[in-house]
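>>> I'd like to go over a predicted model; first the sequence, then the structure.
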Amino acid sequence: AVTGLSMAGGSVSECREYLFKVLVIGELGVGKTSIIKRYVHQLFSQHYRATIGVDFALKVINWDSKTLIRLQLWDIAGQERFGNMTRVYYKEAVGAFVVFDVTRGSTFEAVSKWKHDLDSKVKLANGNPIPSVLLANKCDQKKESFNSKALMDSFCKEAGFLGWFETSAKDNINVDEAAHFLVESILGNDKGLPYEESNGDRVKLDQETVAAESKSGCC
Ligand SMILES: Nc1nc2c(ncn2[C@@H]2O[C@H](COP(=O)(O)OP(=O)(O)OP(=O)(O)O)[C@@H](O)[C@H]2O)c(=O)[nH]1
Ligand SMILES: [Mg+2]
C-alpha cells in the first residue's frame with residue numbers, strides 16, 4: 001500500500017509537506033460537523049448530535065506532485081459561543097471557516113461576533129488576521145434570510161473574509177471547492193510559517209497514515 005512513497009526513492013527530498021490547523025466555527029447546529037464529515041469521510045447524517053468542546057479530523061491532500069498537505073480540522077462546538085476556551089482552541093491556527101445556516105437568520109447575525117472573536121484571539125506571525133472563509137450552509141434548503149450575492153460580497157469585504165461559498169453538507173455542494181480556496185490562501189501565506197516541513201524523516205514516519213488516508217502517495 002505504500003508503493004507510491006517507496007517508489008519515489010531519491011526524489012522524496014523534493015517533496016514538501018505541510019501541516020495546517022484550520023478552525024471551523026459558528027453557531028449551534030449550523031452544520032460544522034456535517035461539513036467536516038462530508039469533506040473527510042464522504043458521509044452525511046440527518047441526526048443531530050451537538051459537539052461537546054472540540055473534535056478533530058484529518059484530511060490528507062495530494063495538492064500537486066510535490067506537495068502534501070495535512071489539514072487538521074478543528075471542529076469547535078457552537079455552544080462554546082466565543083467563550084474563554086476558544087482562545088485555547090484557536091492557538092496556532094492558520095485558517096478558518098465561519099459557518100452559518102441559511103435557514104436561520106440569527107446564525108448569520110452571529111457571524112460578525114465569531115469573526116471578531118477569531119481575529120482578536122489569533123493572528124499570523126506578521127500580525128495579520130488568519131485567512132478565513134464564510135460558508136452559507138444548508139443551501140439545499142429553503143432560505144430564511146439570505147442576502148443577495150452582491151450584499152454577501154460586500155459583507156465579506158467589510159468583515160475581512162477572503163470569500164464565501166453556499167454549501168450543502170447534505171448534497172455535497174461546494175465543500176471541496178471551499179476547502180481548496182482556503183488552502184490556496186494559506187499556501188499564499190506560507191513564507192515563514194513554523195508549520196512547514198520539508199519531507200524526509202517525517203514522510204517515513206507518516207507513511208502508513210498517508211497510505212491509509214489518501215489514494216496515492218505524494219510525489
Ligand atoms: N439539509 C441540510 N441539513 C444539514 C446540512 N448540514 C447539516 N445539516 C443538519 O443540521 C444539523 C446540525 O448539524 P451539525 O453538523 O451537527 O451542526 P454543528 O454546527 O456541528 O453543531 P454544534 O456541534 O452543536 O455546534 C444536523 O441534523 C444535520 O443533519 C446541510 O447542508 N443541509
Ligand atoms: Mg458539531
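That came through fine. Numbers count the residues shown, from 1 in each chain. Ligands and ions are numbered 1, 2, ... in the order given.

>>> Please tell me how far the residue positioned nearest the centre of the chain sits from ligand 1.
Residue closest to the mean C-alpha point of the chain, counted by C-alpha atoms, centre = their mean, is residue 22 at 4.5 Å. Residue 22 sits at a distance of 15 Å from ligand 1 (criterion: C-beta to the nearest ligand atom, to the nearest Å). In this view, the C-beta of every residue, glycine as well, is placed from N, C-alpha and C.

>>> Surely that residue is in a helix?
No. Residue 22: not assigned to a helix; according to DSSP: H, G, I helix; E, B strand; the rest coil it is strand.

>>> quick one, what contacts the nearest residue in space to it that is not next to it in sequence?
In this structure, residue 22 finds its nearest non-sequential neighbour in residue 95, 4.6 Å apart by C-beta to C-beta, 6 or more residues apart in numbering. By C-beta atoms under 8 Å, 6 or more residues apart in numbering, the contact set of residue 95 is 20, 21, 22, 23, 130, 131, 132, 133, 182, 183, 185, 186.

>>> Apply 10 Å and report the result again.
Applying C-beta atoms under 10 Å, 6 or more residues apart in numbering, one finds that residue 95 lies in contact with 20-23, 71, 73, 124, 130-133, 162, 179, 182-183, 185-187, 189.

>>> So stretch 152-165, near ligand 1 or not?
No. If you take C-beta under 6 Å from any ligand atom as the test, stretch 152-165 misses ligand 1, and the best it gets is 11.8 Å.
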